[in-house]
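A.B. asks: What shape does this take:
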Amino acid sequence: MYICVASIFMFYVSLSNFFFMKSHLLTMLMLLEFMSITVLLMLLNFLSQFVYDSSSLVYFVIILVCEAVMGLVLLTLYVRCHGSDYFQVSSLFSC
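C.D. replies: The predicted model follows:
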């Protein structure tokens, strides 16, 4: 019970930080990963209470890994194109 409440609190804190801290692309990607880890924690808590099906957890972890790799690729392309990960330095559509 406490794990679910704590993970919901962590999710909302990271979601609010995601909307208020938009200066660096790297911090936004880290907050997205933190949100996905808290969703994984909620899913693990839910499945352990009712029905434990490990295949759905494996699929979710695969999706998390693909999302992280895509984020790092986009960060690398953005830094190579603009020189830094600041959003105030240049427009997103200039490259």
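
A.B. asks: give me the low-pLDDT residue ranges for this structure?
C.D. replies: Along the chain, segments meeting pLDDT under 70 span 1, 87-95.

A.B. asks: Tell me the buried residues in the helix ranked longest in the chain?
C.D. replies: The single longest helix within the chain, with elements called by DSSP state H, is helix 54-82. Neighbour counts over helix 54-82 (16 or more other C-beta atoms under 10 Å) mark 64, 71, 75, 78, 82 as buried. Glycine gets a C-beta too; all of them are placed from N, C-alpha and C.

A.B. asks: again, but for stretch 42-57
C.D. replies: M42.

A.B. asks: Only C-alpha atoms, please: export it in CSV.
C.D. replies: C-alpha atoms of stretch 42-57 as CSV (Å, rounded to 0.1, in the frame of the first residue of the first chain):
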residue,chain,number,x,y,z
MET,A,42,3.5,0.6,-9.8
LEU,A,43,3.0,-2.1,-12.4
LEU,A,44,5.1,-4.5,-10.3
ASN,A,45,3.1,-3.7,-7.2
PHE,A,46,-0.2,-4.2,-9.0
LEU,A,47,0.9,-7.5,-10.5
SER,A,48,2.3,-8.8,-7.3
GLN,A,49,-1.1,-8.2,-5.5
PHE,A,50,-3.3,-9.8,-8.1
VAL,A,51,-1.8,-11.9,-10.8
TYR,A,52,1.9,-12.2,-11.4
ASP,A,53,2.5,-12.4,-15.1
SER,A,54,6.2,-11.9,-15.8
SER,A,55,5.7,-11.5,-19.6
SER,A,56,4.0,-8.2,-19.3
LEU,A,57,6.9,-6.9,-17.2
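
A.B. asks: which outside residues touch that stretch?
C.D. replies: Residues outside stretch 42-57 that contact it (C-beta atoms under 8 Å, 6 or more residues apart in numbering): 3-4, 7-8, 11, 40, 60.
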